[in-house]
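1. Need a 3D model of the following:
(one chain, ligands or ions: 1)
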Amino acid sequence: MVTGTATRMTTQPAPSAGERRLTLLGATGSIGDSTLDLIRREPERFPVEAVTANRNVAGLAEAARRVNARLAVIAEPSRHGELEDALSGTGIETAAGADAIAEAAARPVDLVVAGIVGAAGLGPTMAAIRAGNDIALANKECLVCAGQAFIAAAEKAEITILPLDSEHNAVFQVFDSDQADGIEKVTLTASGGPFRTWSRAEMAAAEPEQALRHPNWDMGAKITIDSATMMNKGLEIIEAFHLFPVTTDQLDVLIHPQSVVHGLVAYADGSILAQLGSPDMRTPIAHCLNWPERGPAPSRRLDLAELGTLTFEKPDDGRFPALRIAREALARGTGATNILNAANEIAVAAFLDRSIGFLGIAALAEATLDRMERQGDIVSPASVEAAIELDHAARAVAEELLPEIRAQSYAL
Ligand code: MG
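-> Residues are numbered from 1 along each chain as shown. You can find the predicted model right below:
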């Protein structure tokens, strides 16, 4: 049994109720879109310092204009000219490259929304933390890849991490930190994804288009594939372990196809508190932007009478081995969860490229962990820099193993 670390989430003094200056890392992704929509509705309350994106210049320029950001930064250095052209005459400052992203993240603001997808978000999010900025964390990979080192950096900087991932935000809303000893269980729900009822044989032949068709949530490609394999829920268990003061065996997953109940906390007296809402990221984002107050979000209001029935099922580790692999990695520590995430990112990209079959995704993650275990390379990173190094090493091993997995992944 391993014990996680409580963040400073509820111990910080509340920021003032007035204006809140924001920076948005990953402005062109799905979290970015939803955040921009909320900002646009209350531009005076949420002035924007900086917006960043990886390579989507047109999307970034549009985002910067929509919220009148002071600064727009594109990660891909060769696209700086394009960005300058797209924003010429607006007075919006532009920059490009990884260092410029880190500098943007470090500009003093009230809250940085960390919405970058994947381990690529670790460096920029760390830059924000080291500069003393509070974080609304959607980038679960920060915790999966760096774990304790990430939390320690946040504690050292005395910043607040607000969980933005919908399940963790739900748990945050009903987790009474003052009564942590009276908490028995934390449950994250999962929709089950598009293959919830599929057999292994059907999944072996699944095409990327089928895996990208999520029944409830409209998200980016990476996380949608992670939902189909259920690796997303595995990563979220790891994320929850670091965000809340719970042990690994207090963390549970429940399949809930309607995606209405997002997270539940069970207490010693038999009470269960849950957060419900439409599957719309604007609700958890609005919760973070306004915390500890409440502010408006235009998400569709739940009509429980209209819904009528909510259903729940146990997850099936046999058909969805990613959950088991993620739990085993969590038990082995952050070295293993880091490798798991890196291998999974390589595997998802390979599946979208049609280089491996759907079942090859979990298989590659497990094979990479096994190989690195045999080589004695599973070492928990002592710093965020070490986490980034391990991530790169794991990607190289996963790439090496790809041909082997390709050969078997359609027949698993
Ligand atoms: Mg989630």
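2. For residue 119, give me its contacts.
-> 141, 145, 341, 342, 345, 388, 391 (Cβ atoms under 8 Å, 6 or more residues apart in numbering). Glycine gets a C-beta too; all of them are placed from N, C-alpha and C.
3. Could you pull out the buried residues of the helix or strand harbouring residue 306?
-> Using DSSP states H and E, residue 306 sits in helix 304-307. For helix 304-307, burial by neighbour count (16 or more other Cβ atoms under 10 Å) applies to no residue.
4. continuing past it, what's the next helix or strand?
-> Next along from helix 304-307, by DSSP H and E: helix 321-332.
5. Check which residues of that following helix are buried.
-> Buried-residue list, helix 321-332, by 16+ other Cβ under 10 Å: 321, 322, 323, 324, 325, 326, 327, 328, 329, 330, 332.
6. could you dump those to JSON lines with distance to residue 285?
-> Shown next, in JSON lines, are those (distance: Cβ to Cβ, whole Å):
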{"residue": "321", "distance to residue 285": "32"}
{"residue": "322", "distance to residue 285": "26"}
{"residue": "323", "distance to residue 285": "26"}
{"residue": "324", "distance to residue 285": "31"}
{"residue": "325", "distance to residue 285": "30"}
{"residue": "326", "distance to residue 285": "25"}
{"residue": "327", "distance to residue 285": "28"}
{"residue": "328", "distance to residue 285": "32"}
{"residue": "329", "distance to residue 285": "28"}
{"residue": "330", "distance to residue 285": "27"}
{"residue": "332", "distance to residue 285": "33"}
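7. What residues does this structure have near the ion?
-> Listed as neighbours of the ion in the chain under the rule Cβ under 5 Å from the ion: 165, 166, 167.
8. what about the closest residue to residue 90 other than its chain neighbours, helix or strand, and which?
-> Leaving out its chain neighbours, the residue that sits closest to residue 90 by Cβ to Cβ, 6 or more residues apart in numbering is residue 65, at 6.2 Å. Element membership of residue 65, judged by DSSP H and E, is helix 57-67.
9. Around whatever residue of the chain ends up closest to the ion, how many other residues sit close by?
-> Here the residue of the chain nearest the ion is residue 165; by Cβ to the ion that distance is 4.3 Å. When neighbours are counted by other Cβ atoms under 10 Å, residue 165 registers 28.
10. same question, the one 5 residues further on
-> Counted with other Cβ under 10 Å, residues neighbouring residue 170 total 27.
11. which residues touch it?
-> Taking Cβ under 8 Å, 6+ apart, we find residue 170 in contact with 261, 262, 263, 264, 274, 275, 277, 284.
12. For the residues you listed, which entry has the maximal number of neighbours?
-> Each of the contacts of residue 170 was scored for neighbours by other Cβ under 10 Å, and residue 284 scores highest at 29 neighbours.
13. That residue: what's it in contact with?
-> 164, 165, 166, 169, 170, 262.
14. Can you give me the domain boundaries for the protein?
-> Following automatic domain parsing, one gets these domains for the chain: 22-165, 168-279+299-307, 322-409.
15. Mean pLDDT for the ones you listed - can I get that in CSV?
-> Output for these, formatted as CSV (pLDDT from 0 to 100):
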stretch, mean pLDDT
domain 22-165, 97
domain 168-279+299-307, 95
domain 322-409, 96
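16. I'd like those domains laid out as CSV, including distance to residue 292.
-> Converted to CSV, the domains of the chain look like this (distance: least, Cβ to Cβ, whole Å):
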stretch, distance to residue 292
domain 22-165, 10
domain 168-279+299-307, 11
domain 322-409, 28
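17. Tell me which of those lies nearest to residue 314.
-> The closest approach between residue 314 and any of the domains of the chain, judged by Cβ to Cβ, belongs to domain 168-279+299-307 at 6.9 Å.
18. Just the terminal-to-terminal distance for that closest one.
-> Chord length of domain 168-279+299-307, first to last residue, is 24 Å (Cα to Cα, to the nearest Å).
19. With stretch 199-214 instead?
-> 17 Å.
20. Other residues contacting it?
-> 191, 193-195, 198, 221, 224-225, 227-228, 318-319, 351-352, 354, 357-359, 409-412.
21. Please identify the buried residues of it?
-> Buried residues in stretch 199-214, counted by 16+ other Cβ under 10 Å: 203, 204, 206, 208, 211, 212, 214.
22. Could you dump the residues you listed into CSV and include distance to residue 79 and secondary structure?
-> Shown next, in CSV, are the buried residues of stretch 199-214 (distance: Cβ to Cβ, whole Å; DSSP: H, G, I helix; E, B strand; the rest coil):
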residue, distance to residue 79, secondary structure
203, 37, helix
204, 39, helix
206, 34, coil
208, 26, helix
211, 29, helix
212, 26, coil
214, 29, coil
